[in-house]
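Undergrad: based on what follows, work out the 3D shape:
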Amino acid sequence: MNGVRFEKRKTMALKKGAAAPDFTLPATSDQTITLSKDLKGKAVVLYFYPKDFTPGCTAEACEFRDQFEGFRDLDIPIFGISRDDIPTHEKFKKAHRLPFDLLSDSSGKVCKAYDALIPLIKMPKRVTYLLDENHQIVGIFAGMFENKAHAQSMLKLLEK
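TA: This next block holds a predicted model:
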């Protein structure tokens, strides 16, 4: 086409079987969580979401809250991650009685490493990862408008 070359964009999307990127982020529990250290040998659910107190994100957080016992019974911690700061996360957690920690990725670096950042607006996508005890990705559910389906999808994977 008139000498113009189109290069295929390289995607850095994480896939099942890939190693989950390590991270260290501040948590609502007044501590810092490092995946490789604090969660070593544990399966983990990480759900990335756009913003505290928005209708879709509230519905998703409340669904994880409502399904929390199923994850707790399997000894699988849940962490919600967005770019909101810790004070905002603490208000959100308290307002909705969330029994799990929210992590603050204010720089967006962790969201980007997990392919959970919308490039132009730098807002997190709604994507959930299930990591096994070796922190390999064993499940991914992405869907901006399927708020409640994220928790249910992870539980279904765990039933297999």
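
Undergrad: please make it C-alpha for all contacts and neighbour counts, starting now.
TA: Fine.

Undergrad: so what's the residue positioned nearest the centre of the chain closest to, chain neighbours aside?
TA: Centrality entry for the chain: nearest residue to the mean C-alpha point is Tyr47, 2.2 Å, by CA atoms, centre = their mean. Nearest-residue entry for Tyr47: Thr128, 4.1 Å, with adjacent residues in sequence omitted and distances by CA to CA, 6 or more residues apart in numbering.

Undergrad: need the three-state assignment for the one you found.
TA: strand (DSSP: H, G, I helix; E, B strand; the rest coil).

Undergrad: count of neighbours near it?
TA: When counting by other CA atoms under 10 Å, one arrives at 25 neighbours for Thr128.

Undergrad: doesn't Lys148 make contact with it?
TA: No. With contact defined as CA atoms under 8 Å, Thr128 does not count as touching Lys148 (11.4 Å).

Undergrad: sorry, back to before: for the residue nearest to Tyr47, give me its contacts.
TA: Contacts here follow CA atoms under 8 Å, 6 or more residues apart in numbering; on that basis Thr128 touches Val45, Leu46, Tyr47, Phe48, Ile140, Phe141, Ala142, His150.

Undergrad: can you do 7 Å?
TA: For Thr128, the set of contacting residues under the criterion of CA atoms under 7 Å, 6 or more residues apart in numbering consists of Leu46, Tyr47, Phe48, Ile140, Phe141, Ala142, His150.

Undergrad: so what pLDDT did Ala43 get?
TA: Listed pLDDT for Ala43 reads 96.

Undergrad: for it, what are phi and psi?
TA: phi -70, psi 150 (degrees, to the nearest 10).

Undergrad: and what of the one 4 residues further on?
TA: The phi/psi pair for Tyr47 (degrees, to the nearest 10) reads phi -120, psi 130.

Undergrad: give me the distance between the residue nearest to Phe141 when sequence neighbours are not counted and Gly143.
TA: If the residues on either side of it in the chain are set aside, Phe141 comes closest to Thr128, at 5.2 Å by CA to CA, 6+ apart. Distance from Thr128 to Gly143, counting by CA to CA, to the nearest Å: 9 Å.

Undergrad: pLDDT weak spots in the chain?
TA: 1-13, 144-145, 147, 160 (pLDDT under 70).
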